[in-house]
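> got a predicted structure here, sequence first:
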There are 4 protein chains.
Amino acid sequence: MAGSTFGKVYRVTTWGESHGKALGAVVDGCPAGVPLTEEDIQSYLDRRKPGQSKATTARKEADRCEILSGVFDGKTTGTPISVLVWNGDQHSKDYSNIAHVYRPGHADYTFQEKYGIRDYRGGGRSSGRETIGRVIGGAIAMQVLKEFGISFTCYAKSIGPVVAENVDPVYISKNPFCLPDPNVVERAQSYLDACMERKDSIGGVIECRVDGLPVGLGEPVFDKLDALLGQAVMSIGAIKGFEVGDGFQSSLLHGSQDNDGFYMDGDEVKKSSNHSGGTLGGMSDGGQLVFRAAVKPTPSIALAQQTVDDQGNDTLIVIHGRHDPIIVPRAVVVVESMAAITILDLMMQNASSQVDALKNFYKK
Amino acid sequence: MAGSTFGKVYRVTTWGESHGKALGAVVDGCPAGVPLTEEDIQSYLDRRKPGQSKATTARKEADRCEILSGVFDGKTTGTPISVLVWNGDQHSKDYSNIAHVYRPGHADYTFQEKYGIRDYRGGGRSSGRETIGRVIGGAIAMQVLKEFGISFTCYAKSIGPVVAENVDPVYISKNPFCLPDPNVVERAQSYLDACMERKDSIGGVIECRVDGLPVGLGEPVFDKLDALLGQAVMSIGAIKGFEVGDGFQSSLLHGSQDNDGFYMDGDEVKKSSNHSGGTLGGMSDGGQLVFRAAVKPTPSIALAQQTVDDQGNDTLIVIHGRHDPIIVPRAVVVVESMAAITILDLMMQNASSQVDALKNFYKK
Amino acid sequence: MAGSTFGKVYRVTTWGESHGKALGAVVDGCPAGVPLTEEDIQSYLDRRKPGQSKATTARKEADRCEILSGVFDGKTTGTPISVLVWNGDQHSKDYSNIAHVYRPGHADYTFQEKYGIRDYRGGGRSSGRETIGRVIGGAIAMQVLKEFGISFTCYAKSIGPVVAENVDPVYISKNPFCLPDPNVVERAQSYLDACMERKDSIGGVIECRVDGLPVGLGEPVFDKLDALLGQAVMSIGAIKGFEVGDGFQSSLLHGSQDNDGFYMDGDEVKKSSNHSGGTLGGMSDGGQLVFRAAVKPTPSIALAQQTVDDQGNDTLIVIHGRHDPIIVPRAVVVVESMAAITILDLMMQNASSQVDALKNFYKK
Amino acid sequence: MAGSTFGKVYRVTTWGESHGKALGAVVDGCPAGVPLTEEDIQSYLDRRKPGQSKATTARKEADRCEILSGVFDGKTTGTPISVLVWNGDQHSKDYSNIAHVYRPGHADYTFQEKYGIRDYRGGGRSSGRETIGRVIGGAIAMQVLKEFGISFTCYAKSIGPVVAENVDPVYISKNPFCLPDPNVVERAQSYLDACMERKDSIGGVIECRVDGLPVGLGEPVFDKLDALLGQAVMSIGAIKGFEVGDGFQSSLLHGSQDNDGFYMDGDEVKKSSNHSGGTLGGMSDGGQLVFRAAVKPTPSIALAQQTVDDQGNDTLIVIHGRHDPIIVPRAVVVVESMAAITILDLMMQNASSQVDALKNFYKK
């Protein structure tokens, strides 16, 4: 059944396989009147690109986006925005070694079982390239959100055992790992070099902080802000965990430690701490939204692995080609994009919560 | 906007406030022909009840359910199943101390800001009693799932710092904490006693294991099994984190450690380990589904806390009445219920994935 | 699969069978702050009651509604509103003659084929009593819409061949047929008397006019105002046709006749005619919304009819009991209710169409 | 809010404006394993093309479709199918006369009011070219449905006052009006010639018949077969009415006339007539599905019409260019497409109605 659409009011539908003709997204429900150019989207897509570091794939990916509808005179019109990225030479590679063999840690086996057929080239729909559509949807959402003064700081919290201790937002885009802490970059590089040398990979953690949210985003009881963020983030390939605020750590805290006190700052309600990570009862509480995503190690490794083929034979597989030894750096913008989509959708959903606000709207 | 419905094919809509007349759920889309009685549902609702332990609230909650529609001659008819639980004497208490003051760690402030009005009695819609509707939906889902040989083992993985080391499924229902490990119950009891003495509370972790799932459940790319479980579980009050399989731990693993090899067991594909926790590419992979939820400490504590009232004054609040010092034991059945709803919904969604299966269906 | 919910933002879920314990609706997404009492809903439910005329069933139906959640201090809270109507003595009748025989013109056969089981008592879910949930949802929607100055005039346009020529809104509630034209009531009465004498029934047409709609309601291209009204109205049992404005008549008109010219009335855009019935491009155009629904004759007639039983035998059926010879009068409030639900849903959907309006909302 | 997606399980999302870069559709949820080529889709798109008759626009529209995803080795893979049609020279025309003036009978005014901006070139999103996405979605649905032996006969029932008396399915594609009756084509031609001479247009009626449907399609109570067909058909531009079976005529019938008797034909249940048009209780009843759509006259006429501009001035408009004097012939394939989408969606929804069927599915 259809599962390629996210959101209820701001809806992003993604499509495309790794080695098909193209990938893209249709964004439906975007408010009219938002300035939008291909460059606005491209700047986010470029963050998916491999960096200059040895730790990222050498493959040249141009990934130029093209807006096909929904924008007129430089502004969104309220009609669906279709954006496309062409795939390059999609027939160049030999896929004979994975056409009939299931790669461990990949979706080959489950796709084959579910559908009875799969586009095995480059992983097809389960490829990391699938996230192009997510980033398109996120970039457009960002374009709207920045009109509301909402901003995102998203980065690698850890690269394997190397943990960022400080957050310097400016530094994030200045290193190939999206680390926010200059002090740990060299260590991360060495660690990844060692992984690659052993033909192995490693996991990590992505952290995202969102400032400027109004209070009350999130629709109880199933479409809470943290619940939909949970779906949004967990739906990204390779993500195995999600937590908000103190997250798993809160299981070890006392109520007296975990509760955030309220106080008045002029006529504004503020919190004296932010253990909640910015949500109470599943709604934004005025504090900074803070969440983390656990990223598993890249499953494509050059070591021989035990597996089976689609004829039911045991076999070994060695995955050729260059693969990032870590997914984290390129997934940062994807996590940020899913958060932006979720938040914009909930901002639009929230607009009809009170009858007085609705009356104000129709007064014009 | 409407947020009280979960699921696409098997849809659960919950309603009701802590101290309103009643709470309940409407389950739409349940397959016809499933045996269902009030007792089937009641046995799950009873697991929400406080145990005999000192660590759970003394309040007597009968919570008898009543099936109002959708069942005929002891079987589901395919039409919506409406189930209701009456609230007892809903006007007995004095709520003057929380009517205008926001309890830290609770949803009072965010509900008030979002809607401009709130039913403050017992937390209203944000009360733990809201989960009655979830358990109704889950109990009915279980009734269907057991026809497919799918079974759940859900328990307290940890009570604050006290961690269950072994899992004895039979033991879970035999102690007031839903711990699966007889060796740690006494320690948990002492720990909670100490918390209560200090008028404080503590968090914990719930773990759930599901056996018997067919391969291929989950709809790429946004309605993946782990993504929807993430939404389902994160939407439960007090849950701050969610992880599948190795979860956050996988951020520290190498691909060679985290990948599960495949092998043939007769003509069945099996995995030699289960780091994935039973999902690959967001679809069930034939392994045991394993996930965990982090539960924050009960926010209602008897210690004085700094807060504000709805007139913008700083104030202190002391929360009276008996409150569980830990949410975990009573939330176990809620986590299990949300998992059952999610899985049944995806089992029904999956039924039309292949045209040949659909042709088989219409051949009869 | 689940089909008992209508609407995307204002969502009405109905449940209940004719002779089950109760029927009701859960309304999710209603804006907070709307005054609402049981009497507000009851006044709409009472319009479903049989009139004093000989042409309507004698059965006494109290149908008292009870609000179970979502209202506090006399106002909606933004949480789901659950409303219930108990069924009276649901076991009093003998259904042996329809338990295994399919009534022509009824849903007995299709329900049995689809679900393999059906609650045959009084038609179960396919009974006219199912509309109780629709009227609950509509009454609550009306309560919101009247805050916007939106009003409905809904009536019997024709009773068989007897057509209302004039529309006197005040007169509609003053005759048992909901006819808006005093001049034709006697003729309608005689016509229906003759039908009953022949143990037969007749169809009719319901017309609905809505004033005060803002321009722009309806979401292109599939959720247009007229499209969703089409679904809403066609989903009512016994409705076989739906048309807006000139409707089927427009198939015989020239563009020069059917187009409505625009002109300025002060600084307001007005239309010099209303052939469109108030929609252009599927959005409200500022004119009065006008639509009609064709109602088939009551299928329950006391004449012998050819049919089959569920064992595959040909047989005759004679339907006992008193049945209205026409559905129209009691369906008027149902059509009006479905229109109100559709319009409120679209008014809420429309609130986030332009980014500037959304910015205004969050400025407060 | 988002309104460009139709269907719940088989979901079609359309995008594109008349004079944007391209138009297309993303079809999500199509079952895997269905043979599909661009030619399969193209043959339906070609039916949208203007005929050789004088009555259809001269504009050359190539409208070649391109499949971008979701198909591998000639078969659907279960992943979203993205299909695109490039627009030709989209900047060739001068739109100064409609950029600021609202055409009567068109959506110019309502789009402007709703969104505050509109792509006025060729009507933008409200152009007839928007139906390209619908036909793409319908063609793919047809490709699935024909595997089940389901077939469609869709045609012009009337061209203004000229009504087809006989239905010869083979003849439909052999005349420019999609009339099924050779005897009336000449009369239709003369009638349209006269319309064009007067610079005027005319409406008509489209009829659709569907054979081979299983019993039980349609999800009570809001997603009934006739209700969703109502939405599907009414959502097409220029459609003003929809009816099933006897439709509006049934308002004049007696129950004894309108009820279809059942009888046994071997071990099959059959109906002795088909006044219902193939639906009972909103579910397919085994009879031929028959419905009609009323089409208003083309609003673009070359006669001067009274209107206003977007600055609030009264003005006259004369619409230049060649326009079809009737919409019916080119809308036939669109109506058929929307019906195919609706029916396939409901066939997939229906697959999990009974628990025994679901158990059968998972037994394999």
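Arrived safely.
> report pLDDT for the nearest residue to A:V328 once chain neighbours are set aside.
The shortest distance from A:V328 to any non-neighbouring residue, by CB to CB, 6 or more residues apart in numbering or on different chains, is to A:G204 (3.8 Å). From N, CA and C alone the C-beta is placed, and that goes for glycine too. A:G204 is assigned a predicted lDDT (pLDDT) of 98.
> ok, now which ones touch A:G204?
Applying CB atoms under 8 Å, 6 or more residues apart in numbering or on different chains to A:G204 gives the contacts A:156-160, A:295, A:326-328, B:251.
> 6 Å instead, please
A:156, A:158-159, A:295, A:326, A:328, B:251 (CB atoms under 6 Å, 6 or more residues apart in numbering or on different chains).
> how near is A:F177 to A:Q42?
Using CB to CB, to the nearest Å, we find A:F177 at a distance of 22 Å from A:Q42.
> give me the number of residues near the residue in the stretch 201-350 of chain A that chain D sits nearest to?
Proximity to chain D, evaluated over the stretch 201-350 of chain A using CB to the nearest CB, is greatest for A:M348 at 7.1 Å. Neighbour count for A:M348, taken as other CB atoms under 10 Å in any protein chain shown: 27.
> show me what contacts it?
Each residue near A:M348 by CB under 6 Å, 6+ apart is listed here: A:9-10, C:352.
> phi, psi of it?
With angles defined as degrees, to the nearest 10, A:M348 sits at phi -70, psi -40.
> name the SS class of A:T153, please.
For A:T153, the assignment made with DSSP: H, G, I helix; E, B strand; the rest coil gives strand.
> in space, what's closest to it - neighbours in sequence excluded?
Using CB to CB, 6+ apart, the closest residue to A:T153 is A:R209 (4.5 Å).
> that neighbour should be in a strand, yeah?
Yes. Judged by three-state DSSP, A:R209 forms part of a strand.
> for it, give me its contacts.
Per CB under 6 Å, 6+ apart, neighbours of A:R209: A:153, A:288, A:290.
> find the nearest non-adjacent residue to A:V34, please.
Per CB to CB, 6+ apart, closest to A:V34 is A:T76, 4.4 Å.
> ok, now which ones touch the one you found?
The neighbourhood of A:T76, defined by CB under 6 Å, 6+ apart, consists of A:30, A:32, A:34, A:36.
> among the residues you listed, which are located in strands?
The strands, defined by DSSP state E, take in nothing from the contacts of A:T76.
> most neighbours among those residues, which one is it?
Neighbour max across the contacts of A:T76 (other CB under 10 Å) = A:C30, 31 neighbours.
> distance of the nearest residue to that residue once chain neighbours are set aside from D:I117?
Nearest residue to A:C30, sequence neighbours excluded (CB to CB, 6+ apart): A:T76, at 5.1 Å. Applying CB to CB, the value for A:T76 to D:I117 is 8 Å.
> do A:A99 as well
49 Å.
> before we move on, which element is A:M347 in?
Assigned by DSSP states H and E, A:M347 falls within helix A:328-350.
> hang on, I meant A:V290
Here A:V290 is assigned to strand A:289-295, by DSSP H and E.
> quick one: which of A:F177 and A:Q42 has more around it?
A:F177 (25 against 17).
> the stretch 51-200 of chain A: strands as residue ranges?
Along the stretch 51-200 of chain A, the segments classed as strands by DSSP state E, counting those that start in this stretch run A:65-67, A:71-72, A:75-76, A:81-86, A:151-159, A:162-163.
> so of the ones you listed, which one's packed in deepest?
Of all those, strand A:81-86 has the most neighbours on average by mean count of other CB atoms under 10 Å in any protein chain shown, namely a mean of 26.
> if we can go back for a sec, pLDDT and distance to C:E66 added to the contacts of A:R209, as a markdown table?
A markdown table is the format used below for these (pLDDT from 0 to 100; distance: CB to CB, whole Å):
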| residue | pLDDT | distance to C:E66 |
| --- | --- | --- |
| A:T153 | 98 | 50 |
| A:Q288 | 98 | 44 |
| A:V290 | 98 | 44 |
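> how about the stretch 101-250 of chain A: which residue is closest to chain C?
For the stretch 101-250 of chain A, CB to the nearest CB, closest residue to chain C: A:P214, 5.4 Å.
> quick one, phi psi at that residue?
According to degrees, to the nearest 10, A:P214 has phi -70, psi 160.
> nearest residue to it other than its sequence neighbours?
Of all residues not flanking A:P214 in the chain, C:Y362 sits nearest, at 5.4 Å (CB to CB, 6+ apart).
> mind listing what's buried in the helix or strand harbouring the one you found?
Element membership of C:Y362 [criterion: DSSP H and E] is helix C:355-363. Within helix C:355-363, the residues scored as buried using 16 or more other CB atoms under 10 Å in any protein chain shown are C:355, C:357-358, C:361-362.
> ok, so of those residues, who is nearest D:R121?
Closest approach to D:R121 among the buried residues of helix C:355-363 (CB to CB): C:V355, at 22.2 Å.
> ok, back up a step: give me the pLDDT value at the residue nearest to A:P214.
pLDDT at C:Y362 comes out at 95.
> would you turn the contacts of A:G204 into JSON lines with distance to C:D181?
Formatted as JSON lines, the contacts of A:G204 follow (distance: CB to CB, whole Å):
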{"residue": "A:A156", "distance to C:D181": "74"}
{"residue": "A:S158", "distance to C:D181": "77"}
{"residue": "A:I159", "distance to C:D181": "79"}
{"residue": "A:V295", "distance to C:D181": "71"}
{"residue": "A:I326", "distance to C:D181": "77"}
{"residue": "A:V328", "distance to C:D181": "74"}
{"residue": "B:S251", "distance to C:D181": "75"}
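> ok, and the closest non-adjacent residue to A:D73?
Closest residue to A:D73 apart from its sequence neighbours, by CB to CB, 6+ apart: D:I117 at 7.4 Å.
> was I right to think the one you found contacts A:A32?
Yes. Under the criterion of CB atoms under 6 Å, D:I117 makes contact with A:A32 at 5.4 Å.
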